[in-house]
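1. Kindly generate the corresponding structure for this input.
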Amino acid sequence: MTIVQFIIQYLAQNPGSRYTDLTKAICKFRGKTWHRGMYVRYFSEYQAYTYNPTGAPYPQTIYPGKYWAKDSSGKWNLTYNGKIKYFAVV
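-> Here you go, the predicted model:
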């Protein structure tokens with residue numbers, strides 16, 4: 001299971017989770033010690049680029065808004081596409 005699949009499954013089972021709860025769950029899933037800033041890439045809307053040794057860097061996927069989104073109270077929930085992804089696997 002990938003981290004994206006894990007986040008989708010976690011949010012389907014725990015809607016309205018906070019960022020810290022999500023990153024702690026990912027760390028537990030991956031067997032890593034949690035510290036601040038872990039897995040921020042999956043929740044950031046900042047467009048980062050991945051180094052490509054054979055050519056131009058390419059943009060990383062921005063997941064917020066695609067599979068999950070944060071509401072005005074700071075809680076994360078699956079988007080319509082995230083729910084479709086979840087139910088396609090279950």
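
2. Show me where the chain has its strands.
-> 49-50, 58-59, 68-70, 76-78 (DSSP state E).

3. Quick one: those strands as CSV, columns for mean neighbour count, distance to Pro15 and mean pLDDT too.
-> Backbone N, C-alpha and C define where each C-beta goes, glycine included. Output for the strands of the chain, formatted as CSV (neighbours: other C-beta atoms under 10 Å; distance: least, C-beta to C-beta, whole Å; pLDDT from 0 to 100):
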stretch, mean neighbour count, distance to Pro15, mean pLDDT
strand 49-50, 10, 30, 71
strand 58-59, 9, 29, 70
strand 68-70, 19, 10, 95
strand 76-78, 19, 5, 97
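
4. Tell me which of these sits nearest to Gln13.
-> Gln13 lies closest to strand 76-78 among the strands of the chain, at 10.3 Å (C-beta to C-beta).

5. Give me the distance between the closest one and the centre of its chain.
-> Centre-to-centre, strand 76-78 and its host chain are 10 Å apart (C-alpha atoms, centre = their mean, to the nearest Å).

6. what helices or strands is that strand leaning on?
-> Helices and strands touching strand 76-78, by 3 or more C-beta pairs under 8 Å, 6 or more residues apart in numbering; DSSP states H and E, are helix 3-13, strand 68-70.

7. what's the residue nearest to Phe29 when sequence neighbours are not counted in contact with, if anything?
-> Leaving aside its sequence neighbours, Phe29 sits nearest to Phe6 (C-beta to C-beta, 6 or more residues apart in numbering; 5.4 Å). Phe6 makes contact with 25-26, 29, according to C-beta atoms under 8 Å, 6 or more residues apart in numbering.

8. quick one, phi/psi of the residue of the chain most remote from its centre?
-> Using C-alpha atoms, centre = their mean, the residue of the chain lying farthest from its centre is Thr54. It sits 27.8 Å away. Thr54 adopts backbone torsions of phi -100, psi 10, taken as degrees, to the nearest 10.
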